[in-house]
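> my questions concern the predicted model and sequence given below.
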Amino acid sequence: MVWHVIGYILLVIGVFFDLLGCVGLVRLPDVYNRLQAATKCVTLGTAFLLIGAFFIFGFNAAGMKALLCAAFVLISSPTGAHALARGSHRGGVPLWEGSVVDVYAEDAEGEKIKEE
Amino acid sequence: MTWMLYILLLSAFLCLYRIAMGPTPPDRAVSIDILGTLMVGFCVIAALVWNRDFYLNIAISWALLSYVGSIALAKFLENRSFDE
């Protein structure tokens, strides 16, 4: 019964983080800002949902599947978001005009991209 | 526990708003990626609400396929061909 309460609290935290990530996806001005807000919040929220489901199901097949899916999400979602950010920067999407620094454009690969 | 499903549906509609109104193609690609991760959470909550285990199989396969789709969209945004 204690594990059910802990799992329910983790589920509430996960749903809250998911909602905040999607609000950031709508509200922020730039593709990189949206990617930064949405990816971090939604990845953490979904991982909390899966770990809460593991606490509720317990040590059986369903709980182990939830834990395995949490590992998949925690590995694959930041990798995909990093690839999307790199692809959009190399594809020539401009930054927001209020942005202060662009380190990737000062890199050697970025210089090669700007010369082309 | 059903109210979590409604909050996740609200989040999914916010993602759909960004897919419809996004000014550039990378906005839509980012929203599709986020929508895939949200649907994994939706499947987990559905497995808890209706007490069926097979939604977790859908969640695992959806997580892996969403990752492959994100990589393909990133290659597309980089102005390359898919078979490089």
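That came through fine.

> which parts of the longest helix along chain A are buried?
For chain A, the helix with the greatest residue count under DSSP state H is helix A:61-90. The neighbour-count criterion (16 or more other C-beta atoms under 10 Å in any protein chain shown) identifies A:62-63, A:65-70, A:72-73, A:76-77, A:80-81, A:83-85, A:87-90 as the buried residues of helix A:61-90. The way it works is simple: take the backbone N, C-alpha and C, and place the C-beta from them, glycine included.

> likewise stretch A:42-58?
Neighbour-count burial for stretch A:42-58 flags A:42-57 (criterion: 16+ other C-beta under 10 Å).

> next one: stretch B:16-26
Buried residues in stretch B:16-26 (16+ other C-beta under 10 Å): B:Arg18, B:Ile19, B:Gly22, B:Pro26.

> surely the second one meets B:Ser31?
Yes - counting by C-beta atoms under 8 Å, B:Ile19 touches B:Ser31, with 4.6 Å between them.

> contacting residues for the most centrally placed residue in chain B?
Centroid check for chain B by C-alpha atoms, centre = their mean gives B:Gly36 as the closest residue, at 1.1 Å. Counting by C-beta atoms under 8 Å, 6 or more residues apart in numbering or on different chains, B:Gly36 makes contact with B:Trp62, B:Ala63, B:Leu65, B:Ser66, B:Gly69, B:Ser70.

> what's the closest of these to chain A?
Of all the contacts of B:Gly36, B:Ser70 has the smallest distance to chain A: 3.2 Å, by C-beta to the nearest C-beta.

> before we move on, back to that, and the following helix or strand past the longest helix of chain A, average pLDDT?
Sequence order places helix A:103-106 as the next helix or strand after helix A:61-90, per DSSP states H and E. For helix A:103-106, the mean pLDDT works out to 73.

> show me what helix A:103-106 is packed up against.
helix A:108-115 (3 or more C-beta pairs under 8 Å, 6 or more residues apart in numbering or on different chains; DSSP states H and E).

> what sits against B:Leu10?
By C-beta under 8 Å, 6+ apart, B:Leu10 lies in contact with A:Leu19, A:Cys22.

> pLDDT below threshold where in chain A?
Counting by pLDDT under 70, chain A has low-confidence residues at A:108-116.

> can you name the residue of it nearest chain B?
Chain A approaches chain B most closely through A:Gly80 (3.2 Å), counting by C-beta to the nearest C-beta.

> ok, that residue touching B:Leu64?
No - between A:Gly80 and B:Leu64 there is no contact under C-beta under 8 Å: 11.0 Å.

> now stretch B:32-52: buried residues?
Residues of stretch B:32-52 classed as buried by neighbour count (16+ other C-beta under 10 Å): B:32-48.

> find the helix or strand that the spatially closest residue to B:Arg18 that is not a sequence neighbour is a member of.
Distance criterion C-beta to C-beta, 6 or more residues apart in numbering or on different chains; nearest residue to B:Arg18, sequence neighbours excluded, is B:Ser31 at 4.4 Å. Per DSSP H and E, B:Ser31 falls inside helix B:25-50.
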